[in-house]
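Peer 1: Show me the folded form of this:
(chains A and B)
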Amino acid sequence: DVKVTQSSRYLVKRTGEKVFLECVQDMDHENMFWYRQDPGLGLRLIYFSYDVKMKEKGDIPEGYSVSREKKERFSLILESASTNQTSMYLCASTDTYEQYFGPGTRLTVT
Amino acid sequence: RKEVEQDPGPFNVPEGATVAFNCTYSNSASQSFFWYRQDCRKEPKLLMSVYSSGNEDGRFTAQLNRASQYISLLIRDSKLSDSATYLCVVISAGNMLTFGGGTRLMVKP
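Peer 2: Coordinates of the predicted model:
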């Protein structure tokens, strides 16, 4: 079974803090993705990576950055958290079209 | 206009009912289509692919209408356990995935 894990299920941070969200997959997948999910807006792609040290912007990259130093790990960074980044963050990995998602991190920025 | 649109629902149906959802997409060059299921407070999981000829998996039937640019999901003999949000996914050129906002289904006893 593919397993995608995320470092935290729930996170509360203050405005202006730097936030790291970690994602690890154990299936040697090339492709990894970060989404946020908000009511009424569905899943929106923030960044994705097709290889180590490679990253591409998705639909809503503003305010975020990513790091992929190892194949199994894809990190999402909020340089200076803002209240409009309060959301559910989902990581996914794939080698084909089927995306395997992690359990999600619910981030609240106060 | 959103690239991929779904009626958010909720669709409230009794057990045993047949229910259908549609998902419209705006990019006529879209190549592949999928339905995902997301249970409350859980991550999305692939339910089924949608082929041009249509495909069936037990009580679930997925169809594609390229001319009208929509895909559909039909669920027959609804079960309580079918209650979830159903997300359509469209893949366009360059393997870019776009998710719809999801349709919430609630099956009542």
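
Peer 1: Centre-most residue in chain A?
Peer 2: A centroid search over chain A (Cα atoms, centre = their mean) returns A:Trp34, at 3.2 Å, as the residue closest to the centre.

Peer 1: Can you verify my assumption that that one contacts A:Ser87?
Peer 2: No: taking Cβ atoms under 8 Å as the definition, A:Trp34 is not a contact partner of A:Ser87, at 11.2 Å. In short, each C-beta sits where N, CA and C put it, glycine included.

Peer 1: Distance check, the nearest residue to B:Pro8 once chain neighbours are set aside against A:Tyr50.
Peer 2: Take B:Pro8 and drop its neighbours on the chain: the residue closest to it by Cβ to Cβ, 6 or more residues apart in numbering or on different chains is B:Gly101, 6.0 Å away. According to Cβ to Cβ, to the nearest Å, B:Gly101 and A:Tyr50 sit 26 Å apart.

Peer 1: Would you mind listing what in chain B touches chain A?
Peer 2: B:4, B:8, B:32, B:34, B:42-46, B:49, B:87, B:89, B:91, B:97, B:99-102 (Cβ under 8 Å from any Cβ of the partner chain).

Peer 1: change it to 7 Å
Peer 2: B:Pro8, B:Ser32, B:Phe34, B:Glu43, B:Pro44, B:Leu46, B:Ile91, B:Phe99, B:Gly100, B:Gly101, B:Gly102 (Cβ under 7 Å from any Cβ of the partner chain).

Peer 1: Need the max-distance pair from these.
Peer 2: Using Cβ to Cβ, the residues of chain B next to chain A span at most 23.4 Å, a distance reached by B:Pro8 and B:Ser32.
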